[in-house]
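Student: Below: sequence and its predicted model.
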Amino acid sequence: MTLTSLAMAAPPTPNSGDTAWVLAAAALVLFMTPGLALFYGGMVRTKSVLNMMMMSFISMGTIGVVWLLWGYSEAFGADSSGGWIGNPFDHFGLHGVLTATYGTIPGPAFVAFQVVFAIIAVALVSGAIADRAKFTTWTVFTVVWATIVYFPAAHWVFAFNKFAANTGGWIANGGFFLHGHGAYDFAGGTAIHINAGAAGLALALVLGKRLGFGRDPMRPHNITLVMIGAGILWFGWFGFNAGSALSAGPLAAGVWVNTLGATAAAMLGWLVVERLRDGHFTSLGAASGVVAGLVAITPACATVTPIGSLIVGVVAGAVCALAVGLKFKLGFDDSLDVVGVHLVGGLIGTLLIGLLASKGSPNGSGTQEGLFYGGGFLQLGVQAGAAFFVLIFSFVVTYIIGWLLHKTMGFRVDEQDEAEGVDQTEHAETAYDFGNLFSGSRIGHRPDHPIRTTNKEEVDA
Amino acid sequence: MTLTSLAMAAPPTPNSGDTAWVLAAAALVLFMTPGLALFYGGMVRTKSVLNMMMMSFISMGTIGVVWLLWGYSEAFGADSSGGWIGNPFDHFGLHGVLTATYGTIPGPAFVAFQVVFAIIAVALVSGAIADRAKFTTWTVFTVVWATIVYFPAAHWVFAFNKFAANTGGWIANGGFFLHGHGAYDFAGGTAIHINAGAAGLALALVLGKRLGFGRDPMRPHNITLVMIGAGILWFGWFGFNAGSALSAGPLAAGVWVNTLGATAAAMLGWLVVERLRDGHFTSLGAASGVVAGLVAITPACATVTPIGSLIVGVVAGAVCALAVGLKFKLGFDDSLDVVGVHLVGGLIGTLLIGLLASKGSPNGSGTQEGLFYGGGFLQLGVQAGAAFFVLIFSFVVTYIIGWLLHKTMGFRVDEQDEAEGVDQTEHAETAYDFGNLFSGSRIGHRPDHPIRTTNKEEVDA
Amino acid sequence: MTLTSLAMAAPPTPNSGDTAWVLAAAALVLFMTPGLALFYGGMVRTKSVLNMMMMSFISMGTIGVVWLLWGYSEAFGADSSGGWIGNPFDHFGLHGVLTATYGTIPGPAFVAFQVVFAIIAVALVSGAIADRAKFTTWTVFTVVWATIVYFPAAHWVFAFNKFAANTGGWIANGGFFLHGHGAYDFAGGTAIHINAGAAGLALALVLGKRLGFGRDPMRPHNITLVMIGAGILWFGWFGFNAGSALSAGPLAAGVWVNTLGATAAAMLGWLVVERLRDGHFTSLGAASGVVAGLVAITPACATVTPIGSLIVGVVAGAVCALAVGLKFKLGFDDSLDVVGVHLVGGLIGTLLIGLLASKGSPNGSGTQEGLFYGGGFLQLGVQAGAAFFVLIFSFVVTYIIGWLLHKTMGFRVDEQDEAEGVDQTEHAETAYDFGNLFSGSRIGHRPDHPIRTTNKEEVDA
Amino acid sequence: MKLVTAIIKPFKLDEVKEALETYGITGMTVSEVSGYGRQRGHSEVYRGAEYTVDFVPKIRLEAVVEDLDAASVVDVIVKTAQTGRIGDGKVWVVPIDDIVRVRTGERGEGAI
Amino acid sequence: MKLVTAIIKPFKLDEVKEALETYGITGMTVSEVSGYGRQRGHSEVYRGAEYTVDFVPKIRLEAVVEDLDAASVVDVIVKTAQTGRIGDGKVWVVPIDDIVRVRTGERGEGAI
Amino acid sequence: MKLVTAIIKPFKLDEVKEALETYGITGMTVSEVSGYGRQRGHSEVYRGAEYTVDFVPKIRLEAVVEDLDAASVVDVIVKTAQTGRIGDGKVWVVPIDDIVRVRTGERGEGAI
Ligand SMILES: Nc1ncnc2c1ncn2[C@@H]1O[C@H](COP(=O)(O)OP(=O)(O)O)[C@@H](O)[C@H]1O
Ligand SMILES: Nc1ncnc2c1ncn2[C@@H]1O[C@H](COP(=O)(O)OP(=O)(O)O)[C@@H](O)[C@H]1O
Ligand SMILES: Nc1ncnc2c1ncn2[C@@H]1O[C@H](COP(=O)(O)OP(=O)(O)O)[C@@H](O)[C@H]1O
C-alpha cells in the first residue's frame, strides 16, 4: 500500500562484519532464554522447577511462530498511526524482508535479532507467578501479551524512522509528548525490563499469593542452576547490548565494555548491601546483582562513559538488593522478584541516563548530555516520560489481559495441585530421580499395556 | 598428484566478516556436543549418566585427532573416484590447508567448521545404546565408523565441486543416479541425521535391549540437564545451519530465521500431540520437539520460505512425537530415540524440500522449486534418492561394523555390570554425592597407602 | 604526559569483520569464568560448592571494576620503565580508549578482550584453596594480586610495542635478558596459566591443608557440573586462543584448528594414562584432559603445525594426568590441581614451542623455528627464560601477599566452620534442597518478624 | 521407655515438631520416607511412556520418651498431624530396653 | 501387633510390594538405606585417588501387621526378595504396643 | 536378639563401623536422617529472607545383635562416637522376636 521499506528502494550490499556480529549476537540473545529458565528454575522449589523452565521455553515456541507471522510486521512494519503501531500485514510471514537490507545488515538479520528480544521479554514476566499458574493459560497469555503489549512497545522504542520503515515509533523518534526529543533506550530498558516488570506485578496481583507465602520457606532448590543461569545471561547479554549497535565497530565495542563494568559494579553493590544488612555475601546475591546490573545498563550502555557505567551498576545493585524485600512489606507475591530486579533496575538505568549521558560515551559527540554533564533537565524529563508511560501502559493493559484470562480460562491451579507441585500436576513429570527407590517402581498398572505408547487414532480423531 | 585445491592456484584474501562468522559458528557447533552430552545424560538413569556423557566426549577426542590426520582429507580431498571419496593422503595432517582460501574464508576455517559436524554426527549415534555399551568398544567404533561411514557421507553431501577441491561428492553435485541434479541438503539432514539415525538403529539391534526394557521404568533422572542440553543445542544449531552459508550475508541471515521458525513450530507440534494423546504438555516433550525441529530444518533451512519453515517444524514436531513410541511396538531398544528424532526428523526435512523448495527462500531465485510451488516431482525424487541411499548405506555398513566389533571385542557389558550401572563398572565413578553418608566413608582399605597416587613406573612400563 | 597511544595519532577505521570476531571472542572468554565456576564447583563436596563458585564470580566483580579504573592502563598504558609496567594513570577510567583504534579493531574491543583474561587468571587461582578460604580475604586478594602480579605479567606478555602503546612489555618484545628475542606466548601460557598455577601453589602453602586431607575422601560431588564446566571452557577457549589473533583471518582460523587438535589429543592422553594406571577411563579424567590440553596449547597455538598441536596435546594430557598425584606425595593441598593442570600444562606448552615452533604453523614464515625444526636452542632458551621468570615472580610475590593477608585478615576459616562447610558458614546458604524435609521447616523463630526483609536504615547507617 | 514412631505428611512436620516441643519433648529424629497405602500415587509421562509412582512422600519421626509420656505423645502427634484426608499416616509405639546419650554415657530417662 | 522390618535389594521392591498386596498387606513405609555386610562395596577413582565405597544401596521396608500375620508376612518377603546371592538382606520382627491411624484416631488392628 | 539403633554424627560413621567390625559385628544398615535436639541448626538467607534450618544432619545406624552382645555393642558405639560436644546422639536397644536372612531363610542368631 505504501512504500514500506526504504531498503526496497535501494538495496545496498550488507557489510559482512556487521552481519557476522548481529547473527552471533542474535544467537547469544536466543541463548539467554534457556539461561533465564535455569536462573528462574533454580530459584523455585523442587516441585515446580520444570514448570518454571517451561514458562520460558514455551515463549520460545509461541513467540517464535507469532513473530514470523505478524509480530515482526506489527513491530517494524510501516507505521501509519503516528508512532503507535506497525502494520501487521505489511510483512506478514516476513513477506519482503528476506531480500531487504536495513542499515548495513540484511533484513533477516534484523528480524533474527529482534525476535529473541521479544521472546525473552515475555519469558521474564513468568518469574512473578512461579509455582501456581495454569500452563495452558500462560501459553495463551504469551501470545496475547506479545501482540497487545510487547510488539507495540517494541515499535515505540526500537523502530527508528528510516531504518526498517520510513516512520517508526514515538519513543525512539521523539513523537507524542516528547516533542521531538527521542528517549535514549539503547537495548530495551523500557520496552523489555520496565515492561516485563510492570506486567509481572500485574499478574502477581491477578493470581494472588502462593499458599504459605510469607510463612513457609520457599528457598531456592538448586543454586548451582541459578549460577549457571546467571552465567549464561551475562554471556548472552553482550549480544543483547553490544548487538544493539547493529554493527561491529567502536560503538558496539564501547557498549561491550560498559556492559561489563556495570555488571561487575552491580554485583559488588548487591553484595555489600547484603553484607551490611544480613551479615553474609551470598551467591544468590551475586547472581542477582549480576542481573540487576545487566538490566540497568541495558538502556544506558551507549550513552554513559565507562565510569558512568560503574555508577549505574553500583546504584542498581544496591537499590535492587533493597527493593526485593518490598514484596513482603507490601504483600504481593512477585515470586522471583521481577519487580525488584527488572522494573526497579530498568527504571534506574533509564532515569540515570538523564543524569549521566555524556558526549564521552560510546554514542559520542551527538549525545544530548545529562544533568551532571551540564545538559540540564531536558533528557531526564524525556527519559522519565518514556519510562513511566511504558510502566503504566504495561501494568494496566496486562492487568486487564490477566484478569480476563483468569475469569475465563482460570489462571491459577487449584490448591491441591499447587500443594502437590505443578510439575506433577501440570506436566506429569518430576525433575529429578536420583535414588534407587522410584527407579524400582513398575510401569503402569496395565499388564496388558505395559507401556502406553503413541496412538495415532487418538490424535487424528 | 593432481591439482587438489583450487585455492592453491589463486589464493584470494579471505573476507574478514565471513571468516568471523564461520569461526564463531564453528565454536557454536563444537559446543553442541557437550550440549548433546547433557541432553542425553539427563535422559538416562542416575547410574549411567557419566557413561552417556562420555560417549559424546570421547567422540570429541577421537574424531578431533582423526580429522586432523586423515578425516578432513578423506572428506574434502580431491576425489578421483567419481564422487565417492576424497583422497585421505592429499591433506594428511592438514598438509597444505592452512594457507589455502576456500570461497571467501581461509582453509582452516573450513576445516574447523567441518570437524565439529563430524564430531556431533558420531556422538548422536550413542543415544541408541544407552546404559549397556562397553566403553572401549564404543571408542574404537567412533574411529571406524567415522572413517568408513561418516567421512564418505560428508564427502557426498558437503564437498561441492570447485570449492575445497575441483571435484566433490555425488549428492551435492548430482552425480551417480542423480543425473546432474544435486540434492538440497544445506546443513546435513542426510549426512548427519539420517546417517546417525540409521546407524543408531543398527547398533540398537546389534546390542539388543537393555535388561528390563519395556518392563522397568527408565525415566530421565534429571530433566534440568535435558533442558540445559536442549538450550545449548538450539543455541549451537544457529552455527550449524546459518554457519553452513560459509559467509555472513543475507543467506546466513535467512537461514537463521528459518531455523528459529521451524524449531518454535516443532516445539508446539510435539506438545500438541502430547496434550491430545497423554493429557499434558511435558518439558521433556518441549525439549524433544526443539531437537526434532532443528533436525528437520537442517537440510531445508536455505530452500524454504519462513512460512515453509513453520510447516517443516510443525510436521516434524508432531510426527516425531508419534514416532518415538514405535520402538515399543516394534521391540527395538533405541534408548534415547535416535531413530524417532534424528532418522525420522531428518527424513521429514529432506523430503519436505521436495514439496516446499521455493525461489522465495534464502537460497533465492536459482532454487529448483518443489511440488507445491509448481516444480513437479523432480526435486522430490532427487531428495528421496539421496535420503534413502544414505539411510540404507549407513544402516548396512554400521550393522556390519557393529556386528564385527561385537563378535571380536564385545560391544555390551555383562548383565551384572549393567544392573549395577555402567558409570561404576565402566568408569569407576558415580555422578552425584549429595549426602553426608558417602562423604563420610574412608578412603581405601590400605592404611599404608592412604591414597593411591600416580605411579610413573607403572605407566612407563 | 607522553604520546601514550599510537592510535591517537592517526585513528584508522576498524575492520568490521575483525571487530566482530574480537567482540564475540571476548564474550566467549567472559563465559569461561562461569564455566570455570562449574568445573571447580562440581569437584568439591556439596558443602562448599557455592563458595567455590563464588570465588570465581567475585573475580568477575572486582576485576571488572578494577580493570576499568586502573587495570587496563597498568597493563597496556605506555611503559616508561623498560618493559615492566604500564602507567596506571594514562588511561585511568579508560580515558582516551573509546575512540582509539588498535591495529584493525576499536580500542574498547581490545579492552574487552583483555579484561576477560584478567578475570579468569584470578579465578583460576582459587582452585588451590577450595573448602577453607575466608571469602572476604579472597575478595581482597583478587584486587591485590591482580594489581601487583597479574597486570604487570599481562604487560610483559601481551603489550606489544606500537600496538596499544609505543612501548610494551619485555617478554613480548624481547627486552631484559631476552636480548631482543621475544618469547612466543600467543594467548597466555605464561601470563595466565603458569602465573595462576604458581600463585595457586603459594596460596595452598600459606593456607595449609584441609582438615582430613589425604585421609577423608573428598570426591567430586557432582560430575555433571564438571562436564558442563569443561564443555563451556572448551567452547570459550576458542575465543581465548583464536581471538588472540585480534583479527578474523587465516591466523585465527589456524589457531582454532590447533586448539581443537591439542585438546582432543590431550583428552586421549589423559585417559590412556588413567586406563593403564587405574584401570578405567573416567569422565573426570576426560574433562581434566580437555583442560590440560587447552592450557598447553594456549601459548603454542599459533606457532606449531596441526601435527605439532596433537603432540603438544598428548604430552600435556599424559603428563598432567601423572602430575596431579604429586600433591599427595609432596604433601601440599592444591585442592583442585591448579599446579598439576595449569602450572604443569602451561610449562609444557610454553617449552614445547622451543621444540616444535615451525614456519608451517599459522604464524607462518616469520616464525623462529624450534629445535626439532632446525632452529637450534635459541627459542627454547627464550621460552624457558620467560616461563621460569614468571613462575618464580608469581610464586614469591603471591606467597608474600598471601602471607600478609593471612597474618592480618586471616585467610582461613576456623576448624568448626570448615567442618560444617563454608557454604553455610561463609555464605549462609546451601546449594541444594531436593527433599521434602527442609522445605517443611518454618522460617525464622520470630513470629513477629516472620520474614526479615530489607532494612534501609541499617544499610544507610 | 518407649520409642514412638510416626509416619506423617511432610508439610505437617513443623507443626508436629512445635506441638511436641510445647508438650516437653525436645529431641527427635526424622527422615524422608515413601509411603504406600490407601492414598494413591500419581502418574508421570515421558515421551509418551507412562510411569506410575506408587509411593507418596512421607516423613518418619522417631522419639524415645518416658513410659508415662508415650500415650500423650501419641495423642499430640495424632491431633496435630491430622488433616482428615487419606494418607495422614500412622503412629506406633515400641517398648525399648534402654537408651544412652552418646555425649555423656547417661542411660535411661536422663538420656532422653 | 508386630512391626516387620525388611532390608532388601532395591530392584526387588516392586515384587515384594506386589506379593504383600496379594497376601493382603496394603500399607507399608519404605526408605533408601545403605547396607554393610558380607556383600562388598566398590571402588571409585577420581584423578588417580581411589575411594572405597563400603556401603551398598538397600531398601528398608516397614509394615505393621497383626500378630497372626507376622510369620506369613516374613515368609512372603523372604520368598519374594530372595535371589540366592549375597546381600539379599534381612527381615526382623519387633513387637509393638500399639498403632494409631492419624486420620481417624483408630487404634490397634483397625488402624493398620 | 536385640536391635541396636544409634543416632550419631555423620563424620563418626567410619570410626564406628570399624570399631564394630573389630568387635565382631559385621552387618549393619545405615541411613541419613535429620536430628532435632539440644544442638541448634543454622540460618540461611536468600535475597534477604531468612530461613532457619532446625534440623542437623545425623546418621542412623541399625544393627541386630545377639542378646549377649547388646550391651557391649552399645558401649562400643558410645565410646567411638563420643566427641563430648552437644549433638553426639543417642543409642537405644529394642528387643526383637526374630530375624531371617533372606538369602538362605536362616533364622535367629545364624541369620545375623
Ligand atoms: N501397615 C503399615 N505399616 C507401616 N506403615 C504403614 C502401614 N499402613 C500405612 N502406612 C503408612 O502410612 C501412610 C498412610 O497410610 P494410608 O493407608 O495411605 O492412609 P490412612 O492412614 O489415612 O488410612 C502410608 O503412606 C504409609 O507410609
Ligand atoms: N546385623 C545386622 N543388622 C542390621 N542389618 C544388617 C545386619 N547384617 C546385615 N544387615 C543388612 O543386610 C544386608 C545384607 O547383608 P549381607 O551380609 O551383605 O548379605 P546376606 O544377608 O545375604 O548374608 C546388609 O547390606 C545390611 O543392610
Ligand atoms: N528423644 C529422642 N528420640 C529420638 N532421637 C533423639 C531424641 N533426642 C535426641 N535425639 C537425637 O539425638 C541427636 C542429638 O541430640 P542432642 O539433644 O542435640 O544432643 P545430646 O544427645 O548430645 O544431648 C538429635 O539430633 C536427635 O537426632
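Tutor: Alright, I've got the coordinates. Ligands and ions are numbered 1, 2, ... in the order given.

Student: I'd say A:V339 and A:D333 touch.
Tutor: No: contact criterion Cβ atoms under 8 Å: A:V339 and A:D333 do not qualify, at 10.6 Å. All C-beta atoms are positioned from the backbone trio N, CA, C, and that covers glycine.

Student: Among the two, which residue is more densely surrounded?
Tutor: Just comparing A:V339 and A:D333: by other Cβ atoms under 10 Å in any protein chain shown the higher neighbour count belongs to A:V339, 26 against 20.

Student: Now do the SS call for that one.
Tutor: helix (DSSP: H, G, I helix; E, B strand; the rest coil).

Student: From ligand 3, how far off is it?
Tutor: 40 Å (Cβ to the nearest ligand atom, to the nearest Å).

Student: for chain D, which helix is longest?
Tutor: Ranked by residue count, the top helix of chain D under DSSP state H comes out as helix D:67-81.

Student: Do any residues in that one lie close to chain E?
Tutor: Yes: against chain E, helix D:67-81 shows contacts by Cβ under 8 Å from any Cβ of the partner chain at D:A70, D:V74, D:I77, D:V78, D:A81.

Student: where's the fourth one relative to B:I105, distance?
Tutor: Which is D:V78. Counting by Cβ to Cβ, to the nearest Å, the gap from D:V78 to B:I105 is 76 Å.

Student: circling back to that earlier point, buried ones among the residues of helix D:67-81 next to chain E?
Tutor: D:A70, D:V74, D:I77, D:V78, D:A81 (16 or more other Cβ atoms under 10 Å in any protein chain shown).

Student: from the residues you listed, which is closest to A:G61?
Tutor: Each of these was scored against A:G61 by Cβ to Cβ, and D:A81 proved nearest at 43.2 Å.

Student: how about the lowest-mean-pLDDT helix or strand in chain D, does it get close to chain E?
Tutor: Every helix and strand of chain D was ranked by mean pLDDT, DSSP states H and E. The lowest is strand D:49-53, at a mean of 87. No: if you take Cβ under 8 Å from any Cβ as the test, strand D:49-53 misses chain E, and the best it gets is 10.5 Å.

Student: And that strand, how far out from the chain middle?
Tutor: 28 Å (Cα atoms, centre = their mean, to the nearest Å).

Student: what's the angle between the helix or strand following it and helix D:67-81?
Tutor: With elements assigned by DSSP states H and E, the helix or strand that comes after strand D:49-53 is strand D:56-65. Strand D:56-65 runs at 150 degrees relative to helix D:67-81, counting by axes from the mean of the first three to the mean of the last three Cα atoms, to 10 degrees.

Student: what is the rounded mean pLDDT of strand D:56-65?
Tutor: Averaging pLDDT along strand D:56-65 yields 95.

Student: What pairs with that strand, parallel or antiparallel?
Tutor: strand D:2-8 (antiparallel), strand D:28-36 (antiparallel) (DSSP bridges).

Student: among the ones you listed, where is the model least confident on average?
Tutor: strand D:28-36 (a mean of 94).

Student: next SSE after that one?
Tutor: Toward the C-terminus from strand D:28-36 - assigned by DSSP H and E - lies strand D:42-46.

Student: got the angle for that following strand vs strand D:56-65?
Tutor: Angle, strand D:42-46 to strand D:56-65, by the same axes, to 10 degrees: 130 degrees.

Student: Strand D:42-46 - which strands sit beside it in the sheet, and in what orientation?
Tutor: Strand D:42-46 has these strand partners (DSSP bridges): strand D:49-53 (antiparallel).

Student: is any part of the partner strand close to ligand 1?
Tutor: No: residues of strand D:49-53 are not located near ligand 1 by Cβ under 6 Å from any ligand atom, the shortest gap being 12.6 Å.

Student: Could I get the CA-only coordinates of that strand as CSV?
Tutor: Output of strand D:49-53 as CSV, limited to C-alpha atoms (Å, rounded to 0.1, in the frame of the first residue of the first chain):
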residue,chain,number,x,y,z
ALA,D,49,5.6,-43.8,28.1
GLU,D,50,3.6,-43.7,31.3
TYR,D,51,5.1,-44.4,34.7
THR,D,52,3.2,-44.9,37.8
VAL,D,53,4.7,-43.7,41.0
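
Student: Going along the chain, name the helices of the stretch 351-461 of chain A.
Tutor: Applying DSSP state H, counting those that start in this stretch to the stretch 351-461 of chain A gives helices spanning A:378-408, A:415-420, A:422-427, A:456-460.

Student: Pick the most deeply packed of those helices.
Tutor: Most buried of the helices of the stretch 351-461 of chain A by mean neighbour count (mean count of other Cβ atoms under 10 Å in any protein chain shown) is helix A:422-427; its value is a mean of 24.

Student: For that one, give me every contacting residue.
Tutor: For helix A:422-427, contacts defined as Cβ atoms under 8 Å, 6 or more residues apart in numbering or on different chains pick out A:47-51, A:54, A:131-135, A:413, A:417, A:429-431, B:280-283, D:42, D:44.

Student: try 6 Å
Tutor: A:K47, A:S48, A:L50, A:N51, A:F135, A:D417, A:E429, A:T430, B:H280, B:T282, B:S283, D:H42 (Cβ atoms under 6 Å, 6 or more residues apart in numbering or on different chains).
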